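Participant: Any chance you could fold what I've pasted below:
(2 chains)
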Number of protein chains: 2
Amino acid sequence: MKSFDKLKESIKKADSMLCVGLDSDINKIPSCFKKDVNGLFDFNKCIIETTKDVAAAYKINFAFYEQYGTEGFDLLKKTFDLIPKNTFTIADAKRGDIGNTSAAYAKAVFEYFNADSITVNPYMGIDSIEPFLKDLNKFVFILALTSNPGSNDFQRIVADKKPVYQHVIEKAADKYSEENIGFVVGATHPGELAQIRKIIPNYTFLIPGIGAQGGNIKEVLKANNNGLAVINVSRAVLYPELKENNIDELAFAEAVRQKACMFYNDMKL
Amino acid sequence: MKSFDKLKESIKKADSMLCVGLDSDINKIPSCFKKDVNGLFDFNKCIIETTKDVAAAYKINFAFYEQYGTEGFDLLKKTFDLIPKNTFTIADAKRGDIGNTSAAYAKAVFEYFNADSITVNPYMGIDSIEPFLKDLNKFVFILALTSNPGSNDFQRIVADKKPVYQHVIEKAADKYSEENIGFVVGATHPGELAQIRKIIPNYTFLIPGIGAQGGNIKEVLKANNNGLAVINVSRAVLYPELKENNIDELAFAEAVRQKACMFYNDMKL
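Facilitator: Residues are numbered from 1 along each chain as shown, chains lettered A, B, ... in the order given. From the prediction side, this is the model:
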């Protein structure tokens, strides 16, 4: 199945734009999970079991796994395998390199991990993105205006009356249709999100920055103007405030569920 | 030891700017190596043994290893471990993300792989680079003007009379000294390389694009104007043209040695 079709069906099935980000971190998981890579697997399994009916997508942040070396890379594979087959997956790897190197990254993400989509950094240009779309059944989220304060440094530099991120969007959208690419636009910039939505009404947005990063859901929804989007929440769902430290897995799952359902409802179609 | 000091000593010891890029690929290694990850390990061992006295640095391209999944990630670790302790290593991973994510990538590259330096993509801004320099003993090569044709797409966009890559260089060099950062400048742009060298005479360049990508060494050396630099060659050293297909490892090593020495001499201090 074409990734874009799976994305639309996955959003429709969940009836929400909620994307759960699996930024799983040994130092943050509660004490009912072992403080090692096996414990992280159990944690991910618990999170996915607890949220799979409310999540339109899972975003898996490669850095959090790579930090544990080979064991972590193995956990990355096992985590992809835990996700229900009809739920859309985003390999949040922010890759991008010259042609033959991007092709190798594409092989890792689409063939080894069997992800439906990947996040790609556009700095090196369109030819660094092309290898990820050699198979046009796949889907790529290109960084446009990211959620962090540093997005001001280069993404907003204005040339020909347009910020760099708009150059990225226009050049990429000129080459690829909404069936193959979407854009990362941070929830922390609702004004710009609204402007970008006007420029490309039919392209999917991956919107990070809700929860720990402080983005406002209502503002984002208004700015998005009913466009196709998934809105990511990582830390705020994965690490809910707990009443006591020695909570068991069942009670932890309930706390996660409560948080996930809150975001789910806020992001309902 | 501070990575920057190791870099200078490694260049001095080799008496050349040659950086050997380990873009190791199962489909390209000769038949004397097994066509699997174990064969790639033997191939890397052969390349490193054959070039260790002429290489000022090794650049390890993460994509080529990640494409083989967990086994490849394990090979990445084993490959770092093969490199002589006094030779400078570059984790060519082109990472860059929001703070907590870049911190996890830094942990992978500097703590797990024990690399001396990493290549980082600046699109997300200075705060995406900071976590890689939390330990100021480490060294970061920031992408400025890359060697691929797509470098024209966004890196050369002109704002305030300066291309985006110059904004990147100035902003980064404003924050970090030459002891902590260097820049990736492609050999395929000798004119711009000369201009950049004038702007930042004391910063190290990592110069890819010689060999398969067609950069001209003499032009690069002239443009670099005796600045601190390592010049990378990957495919042209790793995959020399062989007289016959069924070559043995010794004859292969000789062919590699010949190519490496040619580049070594061209890049002698």
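
Participant: can you give me the strands for chain A?
Facilitator: Counting by DSSP state E, one finds strands in chain A at the ranges A:18-21, A:57-61, A:88-95, A:117-120, A:139-145, A:158-159, A:162-163, A:181-185, A:204-207, A:229-233.

Participant: Now that we have the ones you listed, can you turn them into TSV and tack on distance to chain B and mean pLDDT?
Facilitator: Bear in mind the C-beta positions are built from the backbone N, C-alpha and C, glycine included. Output for the strands of chain A, formatted as TSV (distance: least, C-beta to the nearest C-beta, whole Å; pLDDT from 0 to 100):
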stretch	distance to chain B	mean pLDDT
strand A:18-21	10	98
strand A:57-61	6	98
strand A:88-95	6	98
strand A:117-120	9	98
strand A:139-145	6	98
strand A:158-159	4	98
strand A:162-163	9	98
strand A:181-185	10	98
strand A:204-207	13	98
strand A:229-233	12	97
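
Participant: Could you dump those strands into a markdown table and include distance to B:Thr70?
Facilitator: Supplementary listing: the strands of chain A in a markdown table, determined by distance: least, C-beta to C-beta, whole Å:
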| stretch | distance to B:Thr70 |
| --- | --- |
| strand A:18-21 | 22 |
| strand A:57-61 | 15 |
| strand A:88-95 | 15 |
| strand A:117-120 | 18 |
| strand A:139-145 | 24 |
| strand A:158-159 | 43 |
| strand A:162-163 | 40 |
| strand A:181-185 | 27 |
| strand A:204-207 | 26 |
| strand A:229-233 | 26 |
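
Participant: what's the closest of those to B:Asp92?
Facilitator: Closest to B:Asp92 of the strands of chain A is strand A:88-95 (C-beta to C-beta; 12.0 Å).

Participant: quick one: strands adjacent to that closest one?
Facilitator: strand A:57-61 (parallel), strand A:117-120 (parallel) (DSSP bridges).

Participant: who wins for proximity to B:Gly96 among the strands of chain A?
Facilitator: When those are compared by C-beta to C-beta, strand A:88-95 sits nearest B:Gly96, at 6.5 Å.

Participant: so that closest one versus strand A:229-233, what angle?
Facilitator: Strand A:88-95 runs at 70 degrees relative to strand A:229-233, counting by axes from the mean of the first three to the mean of the last three C-alpha atoms, to 10 degrees.

Participant: what sits up against strand A:88-95?
Facilitator: Outside strand A:88-95, the residues that touch it by C-beta atoms under 8 Å, 6 or more residues apart in numbering or on different chains are A:3, A:6-7, A:10-11, A:19, A:21, A:56-62, A:80, A:83, A:102, A:105, A:109, A:113, A:115-121, A:132, A:141, A:143, A:206, A:230, B:63, B:94-97, B:121, B:124.

Participant: could the strands of chain A go into a markdown table alongside mean neighbour count?
Facilitator: Formatted as a markdown table, these follow (neighbours: other C-beta atoms under 10 Å in any protein chain shown):
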| stretch | mean neighbour count |
| --- | --- |
| strand A:18-21 | 28 |
| strand A:57-61 | 26 |
| strand A:88-95 | 27 |
| strand A:117-120 | 28 |
| strand A:139-145 | 26 |
| strand A:158-159 | 16 |
| strand A:162-163 | 18 |
| strand A:181-185 | 27 |
| strand A:204-207 | 26 |
| strand A:229-233 | 28 |
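
Participant: nearest to B:Lys161, of these?
Facilitator: strand A:158-159 (10.3 Å).

Participant: what's the spacing between the closest one and its chain's center?
Facilitator: Mean C-alpha position of strand A:158-159 versus that of the full chain (C-alpha atoms, centre = their mean, to the nearest Å) differs by 28 Å.

Participant: For A:Ala173, which of the strands paired with strand A:88-95 is the nearest?
Facilitator: Nearest of the strands paired with strand A:88-95 (C-beta to C-beta): strand A:117-120, 14.1 Å.

Participant: and the closest one, how far from the chain's centre?
Facilitator: 8 Å.

Participant: Grab the CA positions of it and hand them over as PDB.
Facilitator: Output of strand A:117-120 as PDB, limited to C-alpha atoms (Å, rounded to 0.1, in the frame of the first residue of the first chain):
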ATOM      1  CA  SER A 117       7.900   7.600   6.100                       C
ATOM      2  CA  ILE A 118      11.100   9.500   7.200                       C
ATOM      3  CA  THR A 119      11.900  13.000   8.300                       C
ATOM      4  CA  VAL A 120      14.600  14.500   6.000                       C
END
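
Participant: contacts for it?
Facilitator: Counting by C-beta under 8 Å, 6+ apart, residues outside strand A:117-120 touching it are A:3, A:7, A:88-96, A:105-106, A:109-110, A:128-129, A:132, A:138-143, A:182, A:184, A:206.

Participant: from what I can see A:Lys8 touches A:Asn202, true?
Facilitator: No: using C-beta atoms under 8 Å, A:Lys8 makes no contact with A:Asn202, being 11.8 Å away.

Participant: Between the two, which is the more surrounded one?
Facilitator: The residue with more neighbours, out of A:Lys8 and A:Asn202, is A:Lys8; 16 against 11, by other C-beta atoms under 10 Å in any protein chain shown.

Participant: List the contacts of that one.
Facilitator: A:Leu228 are the contacts of A:Lys8 under C-beta under 8 Å, 6+ apart.

Participant: Model confidence for it, exactly?
Facilitator: Note on A:Lys8: pLDDT of 98.

Participant: Pull up the residues of the stretch 151-269 of chain A that are close to chain B.
Facilitator: A:151-155, A:157-160, A:164, A:167-168, A:171, A:213 (C-beta under 8 Å from any C-beta of the partner chain).

Participant: Pick out the most distant pair among those.
Facilitator: Maximum distance among those (C-beta to C-beta): 30.2 Å, for A:Asp160 and A:Gln213.

Participant: Among those two, which residue is more densely surrounded?
Facilitator: Comparing A:Asp160 with A:Gln213 by other C-beta under 10 Å, the one with more neighbours is A:Gln213, at 21 against 9.

Participant: how close does the more buried one sit to B:Val233?
Facilitator: 42 Å (C-beta to C-beta, to the nearest Å).

Participant: How about A:Thr204?
Facilitator: Counting by C-beta to C-beta, the gap from A:Thr204 to B:Val233 is 40 Å.

Participant: from memory A:Pro131 sits against A:Ala106, does it?
Facilitator: Yes: contact status for A:Pro131 versus A:Ala106: in contact at 5.1 Å, counting by C-beta under 8 Å.

Participant: Could you list the low-pLDDT ranges of chain A?
Facilitator: Along chain A, no part satisfies pLDDT under 70.

Participant: so what's the spatially most central residue of it up against?
Facilitator: Centroid check for chain A by C-alpha atoms, centre = their mean gives A:Lys59 as the closest residue, at 3.9 Å. Contact partners of A:Lys59, counting by C-beta under 8 Å, 6+ apart, are A:19-22, A:89-90, A:92, A:206, A:208, A:230, A:232, A:234.

Participant: Which two among these are spaced furthest apart?
Facilitator: A:Thr89 and A:Pro208 (15.5 Å).

Participant: any idea what sits nearest A:Arg156, other than its immediate chain neighbours?
Facilitator: A:Pro163 (4.8 Å; C-beta to C-beta, 6 or more residues apart in numbering or on different chains).

Participant: Surely the one you found touches A:Asp153?
Facilitator: No: taking C-beta under 8 Å as the definition, A:Pro163 is not a contact partner of A:Asp153, at 11.7 Å.

Participant: ok, now which ones touch the closest residue to A:Ser3 other than its chain neighbours?
Facilitator: Computed as C-beta to C-beta, 6+ apart, the closest residue to A:Ser3 that is not its neighbour in sequence is A:Phe139, at 3.8 Å. Contacts of A:Phe139 were listed using C-beta under 8 Å, 6+ apart, and they are A:3-4, A:7, A:116-118, A:180-182.
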